[in-house]
Structure formats: C-alpha cells, structure tokens
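> Following is a predicted model, sequence given first.
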Amino acid sequence: MAENTGEVKMTPTLGLTGLTMNAMALIAPGAFLWLTFAPQATEGSTAPSMWIGIVFALLLCLATAVCYAEMAKLYPGTGSSYYFAEQSFLNHDKAWKYARLMKFIVGWGSHLYYWIYPGVMVAVTGVFCGYITGTLWPNFMSASNPGPMFMMLVAILFSFAVAYIAHRGVNGSTAVSVAINVIQISALIVFSVMAISYRMSHPPGSEAWQFDSVSGEAYTYQFATTSQTVNGTATDVITRDANMVPQPKLDASGKPVPFIVAYDAYDTSNPPVFQAHPNATSVIAIHNFNWMFVQATVAILILVGFESVTAMGGEAKNAKRDVPIAVITSLLVQGAFCYLFEYFAANYFLSSGYPMATATGSSAPIGDMMIMVGDALFHGHGRAFMLIEAVTVFLALIGTTLSCINTGARVTYAMGKDAEVPEHFGMLHEKNLSPHRAIWALAIISAVFGCLALTMLFGDAGALPDATLQALPHGFWSSFGYVSHDTMAKMPNSLLTITLASNFGTFLLYMLSCVTCIFCYKGHPNYSFLKHTLIPYFGIAANLICMGAYIVLPFMGYGTKMEPFLALGIAAVWAIYGGIYFLQSSKASGRTTLVTSRT
C-alpha cells in the first residue's frame, strides 16, 4: 500500500450535487425505516408516539443543521465540527486560549457518534441478511429470529467490504451514493403508497390478512388453536402442520373462517398492550410528551448525517457556497419528506392482523409488512415484492455505512494531522487521497461494535418465548447464542444499547456544535439574532432534554432502564479515557492545554 508522509493534499472534485448526495446517503430512509422500526417498537408503552418523536428529533436536527451551515460559510475545510471549534475559538477575541481544549472535546465527543454509528449499521446489516436468508431458506434460518453467529459474520464481512470502497476514494463513493439515493427513495414511495392503500381498502370489520411470524407468511383465515400447558399455565397455541404452516379455523360447514381485521388501540390484556392506531389522527398525535421524548432518543439515529458533508470541505469545488446548501437540503428531503411519509404509512398500516406486539418480536417488521401488502395487492406474491424491496434496502445500507465511514475517518484524519490522536491517522493514501489509516481502523472498530450489538438482539422487552426458541432451526449459524426467555428478559437489548450510546454521542456533538456556532458569530459583522442566537440556543436546549431523558424518564416508568443507563456508562468511560489520553498526550509532546499564540 503506497503512502507518503509528505504533503499529500485532498483534491477539490465535488460539486453541489455530489455533496448533497453524500449527505443524503447517510440519512438513508430506504434503510432506516426497515432497520429502526423494531428498536422504536421495543420502547414499550411509548410506541404510539413514534411519529411525533421523529418530528421532535427533526426539529432538533434542523436547528443543528442551521448551525453547521452557518459555520461552513465561515470555515470551509476538512474536519467538520472539530475544525469549526478550533477556528471559532481562535477567531474569538477573548476565548482564543481555549481553542485546543474545545476542539479536542468536540473531536473526542464526536467519535462517540462516528465510531459507534457504523457499528450499528453493520449490526443491522447482519440482522437484515439473516432475515432474507431465513425467508429464502426457512429450514436453515428463522427469518424473524436469525442466528447470532450468522449475523455477526455478516457484520464483520460487511464492515471491511464498505471500508474498501471508502479506501478507494471519495469520487467512487459519491457515484455509489447518487445511484443508491435514486433507487431507495423510489422504492420507499412505492411501499408507503401500498401500505396506505391497504389500510384504506380494509376498513374495520372487513376480511383481511394476518401475519404468522413462525412461517413468515400472511393468511386470510383465522388460525386454529389447541390448549396446551406452557410454564404451568393453560395457553391457546396455534395448530400447525409438519411444515409449521398454521392451520385454518373451520366453520360448521368445514370452510376456513375468514380473518376479520380490527384497529383497536389496545388489547384486552392486563396491563393493556398497544396494538394499532384507530385512525390517521392517532398516528400523528402526541399522546404523551414523555413518550415523545423517549421515541426521539431513538429516532435521532435515522436523521443524523446531514453534517457529514461538512467533513468534505477540502474536497468541495466551492465549499463556502455548496456545503451549507447541501446540509439543509439533505435534511429537508430525507427527513421532512421521506421519513415523515414512510413512518406515517408504516404506523397507519398496523392492525389486529399485524399489531405492534408482533413488530416488537420480529427482526424486520417492515419486511413482514411488505409481505402482507404484497400478498394483498399482488395476489399472493408478497414474498417476491419484499425481496425486490430488500435489494434497495441493502443498497441503502451500503450507502449510509459508506458515508458514515467517510465522515468519521475524515474527522479522525483532521485530529491526526493536529497530533491530537496518533499521527499516522493524519496520513493520506498517495494514489487515492483517502485517509486510509483512519478508514481501516474504523472498519475494525465497526466490526467489534457490530458484534457486540448482536449478542443479545432480543434482550429485555423483546425476549423470545421458549416455544419460539425451541422451534428455531438447530445449528451453529441458526441458533447458537440464544438463551432461555427468562435469561433474555433479564439482559439488556444489545442493539438498542449500542444505538443509544451512538445517539448520546450525537446529542453531545450537536449540542457542542450549537455552542460553537454562537462563538463563531459573536461580534461578527454578519451576525443574525435568529440564526446565531435563537436557533442555536433552541438546539442546545433540545439536545440537553434528550440527553436528560436517558436518566429521568426510565425512573418515571417510560421506556426501559437497562439500555439507556448502559449507554451512559459507555459515554462516561469514553469521556474519562479521553481526559486521561489528552493529559498524557500533552505531557509527552510538551504542549499546554491553553493556546499561547493565535498564530
């Protein structure tokens, strides 16, 4: 691998379209609807506020996006918020001494997001591939509950494959992003329209379809049941044939009894469990402000990425003009349009035939929904429709993981050039002009976090019944790693934990970026009260509220406790290690914490 420790610089090759598409690839609605619906569903009683939680997270991101856009106008360059922090403090008349300390805090904090987020992506890619494998070969793998070892293998291979694309250079990455965005948005609109059409054509009390998670198919009849003793309690269990296909309940004439759909908000259990939205107004309603904040702490995962383009200022032809436009445009198109439309469609689709409880116990509830609407609208060809849509999801996964690795590696590269992290991270590949050392390091880190996220995929509220575990295909790749229901119920959901750790890093980074924006324009001739005071302060407050929700809301009975507290523990360890590393590095290099000269 050729490299040059001399002055190898990035080449400006990206225009407005390329910059926007790179940011849009990270905010990938074609992937995140499929990937994030399940973690949001596992947040217990807060699920009715899923859509409005995304709206709050979107407002938070828009405030932060304005700050990033405004800072990019002043300081175009490589390094994103890390670079902005240094420049804003160096150019401040009174606070310039704190430039090094502030940029390290921002840069180190940003790595809690940029180094964990790709791990979440490779983990959900493992889940996705497990679902598809189980759909195609059900005797080898369960689609709803794929094997942990298989998912981990996919996560590792995917991490290094995407890193190789990033290693080849930004132009190749941009071409991939453009193609993926066109495909995934088209596929997204098709599914969303179909889901809304299905709901409108199946009013309450009409004959409809219901989904069976064991066979992975949808059926138009009610299922026959037999009474069995499960854990000492008489329970109605679905009657199945040798191929695990649910048998129909028969009427007096021996004909299958049609399934009649309902849209009741809650079931009859004690306490009642949320099932579906009775109408469109319920989908967009707040229901409960605390529920909204819980959902927003997860929903931030699907909206981050608009700031990624600010890390490519060194590769932009006209950074001062194009980067700010790309930041806002990417978020408005993907967040304000795509996400709000698709999440409305998915939540509106829920019914007694596919309630939220079923989504909670599935590795890919959106895939299940695609099978149902495909069966209904394409005369039983739901599986084929789901597989076609799945191809676009996989492409979107490549795009979003690639964009995040590109962004994270460039922030690490900027810190390496400043010797705030080991200097070899600050090298560019002589031929590809990519920060290859940072990219390959991030590939390893992503693989590790991806495997950790998959160790207890159905922990906590998503614990699988023992009957479901016994029905899994037995084998190293298909069932090794699963434990009993009671053990899983006591363990945290590993994917949600790693997701919340990444999200906490996002909230921290976005809050610090809003603070940086205030310093950027304090006393500047282009100062605007709206853009440089009101919006940044709203961003700071919104991010602080979401960070505080990790601690406060679980004690109030909203959401779960284990996952947010573990996520906070990961953040605390990272902060403590960062402080130790900064002090040791400063001592070894003879540098002072405070800057002694503005030169």
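Arrived safely, thanks for sending. The model shown is predicted, which means the values in this text are computed figures rather than measured ones.
> only C-alpha atoms for contact and neighbour calcs from this point on.
OK.
> Please identify the buried residues of stretch 371-379?
Neighbour-count burial for stretch 371-379, counted by 16 or more other Cα atoms under 10 Å, picks out 371-376.
> could you dump it to PDB, C-alpha only?
Coordinates of each C-alpha in stretch 371-379 appear next as PDB, following Å, rounded to 0.1, in the frame of the first residue of the first chain:
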ATOM      1  CA  ILE A 371     -45.100  -9.500   2.500                       C
ATOM      2  CA  MET A 372     -48.600  -8.600   3.700                       C
ATOM      3  CA  VAL A 373     -49.300  -5.700   1.400                       C
ATOM      4  CA  GLY A 374     -47.600  -7.700  -1.500                       C
ATOM      5  CA  ASP A 375     -49.900 -10.700  -0.900                       C
ATOM      6  CA  ALA A 376     -53.000  -8.400  -0.700                       C
ATOM      7  CA  LEU A 377     -52.200  -6.300  -3.800                       C
ATOM      8  CA  PHE A 378     -50.200  -8.700  -5.900                       C
ATOM      9  CA  HIS A 379     -52.400 -11.800  -5.400                       C
END
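> starting at the chain centroid, how far to it?
Stretch 371-379 has its C-alpha centroid displaced from the chain centroid by 27 Å (Cα atoms, centre = their mean, to the nearest Å).
> same deal with stretch 135-155?
Taking Cα atoms, centre = their mean, one finds stretch 135-155 lying 21 Å from the centre of the chain it belongs to.
> Quick one: end-to-end length of it, please.
19 Å (Cα to Cα, to the nearest Å).
> List the buried residues of that stretch.
For stretch 135-155, burial by neighbour count (16+ other Cα under 10 Å) applies to 135, 138, 140-155.
> In contact with Glu420: list those residues for me.
Glu420 makes contact with 104, 582, 585 under the criterion Cα atoms under 8 Å, 6 or more residues apart in numbering.
> hmm, back to that, so of the buried residues of stretch 371-379, which ones are in helices?
Counted as lying in helices by DSSP state H, out of the buried residues of stretch 371-379, are 371-376.
> Switch the residues you listed over to TSV; also include distance to Asn270 and pLDDT.
As requested, those are arranged in TSV below (distance: Cα to Cα, whole Å; pLDDT from 0 to 100):
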residue	distance to Asn270	pLDDT
Ile371	31	91
Met372	29	93
Val373	31	93
Gly374	34	92
Asp375	33	91
Ala376	33	89
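> Take those and lay them out in a markdown table including distance to Met386.
As requested, these are exported to a markdown table (distance: Cα to Cα, whole Å):
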| residue | distance to Met386 |
| --- | --- |
| Ile371 | 6 |
| Met372 | 9 |
| Val373 | 9 |
| Gly374 | 7 |
| Asp375 | 10 |
| Ala376 | 13 |
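> Beyond the helix or strand harbouring His111, next helix or strand please.
With the criterion set as DSSP states H and E, the secondary-structure element containing His111 is helix 99-114. Once the chain leaves helix 99-114, the next helix or strand it forms, by DSSP H and E, is helix 117-136.
> if we can go back for a sec, so which of the contacts of Glu420 wins on neighbours?
When neighbours are taken as other Cα atoms under 10 Å, the top entry among the contacts of Glu420 is Phe104 (22 neighbours).
> Mind jotting down where the strands sit in this protein?
Taking DSSP state E as the criterion, the chain carries its strands at 210-212, 217-219, 225-230, 233-238.
> can you count the residues close to Thr358?
When neighbours are counted by other Cα under 10 Å, Thr358 registers 19.
> for Phe274, same thing?
Residue crowding around Phe274 was assessed by other Cα under 10 Å; the count is 20.
> what do you get for Asn493?
Taking other Cα under 10 Å as the neighbour definition, Asn493 ends up with a count of 27.
> shouldn't it be in contact with Leu457?
Yes. Counting by Cα atoms under 8 Å, a contact exists between Asn493 and Leu457, whose distance comes to 5.6 Å.
> got a list of what the residue lying closest to Ala346 once chain neighbours are set aside touches?
With Cα to Cα, 6 or more residues apart in numbering as the criterion, Ala346 has its nearest non-adjacent residue at 6.7 Å, and that residue is Ala195. Under the criterion of Cα under 8 Å, 6+ apart, the neighbours of Ala195 are 345-346, 348-349, 369, 373.
> Can you redo those residues as JSON lines, where the extra columns are distance to Leu387?
Shown next, in JSON lines, are these (distance: Cα to Cα, whole Å):
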{"residue": "Ala345", "distance to Leu387": "19"}
{"residue": "Ala346", "distance to Leu387": "18"}
{"residue": "Tyr348", "distance to Leu387": "22"}
{"residue": "Phe349", "distance to Leu387": "19"}
{"residue": "Met369", "distance to Leu387": "12"}
{"residue": "Val373", "distance to Leu387": "13"}
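> Low-confidence regions, the stretch 351-500 of the chain specifically.
In the predicted model of the stretch 351-500 of the chain, residues 429-430, 432-433 satisfy pLDDT under 70.
> Would you state the helices of it in chain order?
Using DSSP state H, counting those that start in this stretch, the helices found in the stretch 351-500 of the chain span residues 356-360, 365-377, 382-417, 436-453, 466-471, 485-490, 494-521.
> same check, this time on the stretch 51-200 of the chain
Using DSSP H, counting those that start in this stretch, the helices assigned to the stretch 51-200 of the chain run over residues 81-90, 99-114, 117-136, 148-167, 170-201.
> Minimum distance to Ala453: which of those helices has it?
Checking the helices of the stretch 51-200 of the chain against Ala453 by Cα to Cα gives helix 117-136 as the closest, at 6.3 Å.
> Would you mark the buried spots in the closest one?
Using 16+ other Cα under 10 Å as the test for burial, helix 117-136 gives 117-135.
> Just give me how far that helix sits from the chain centre.
On the basis of Cα atoms, centre = their mean, the separation between the geometric centre of helix 117-136 and that of its chain is 12 Å.
> for it, what is the average pLDDT?
The average pLDDT within helix 117-136 is 89.
> Repeat that for stretch 574-587.
In the prediction, stretch 574-587 has an average pLDDT of 91.
> Low-confidence regions, the stretch 1-150 of the chain specifically.
Looking at the stretch 1-150 of the chain by pLDDT under 70, you get 1-13, 22-23, 25-31, 77-79.
> cutoff 50 now
With pLDDT under 50 as the threshold, the stretch 1-150 of the chain has low-confidence stretches at 1-6.
> returning to what we had before: closest one of the contacts of Glu420 to His381?
Taking Cα to Cα as the measure, Phe104 is the one of the contacts of Glu420 closest to His381, at 54.2 Å.
> Tally up the residues packed near Ile286, please.
The local packing count at Ile286 equals 17, with neighbours defined by other Cα under 10 Å.
> In contact with it, which residues?
Neighbour list for Ile286: 49, 52, 292 [criterion: Cα under 8 Å, 6+ apart].
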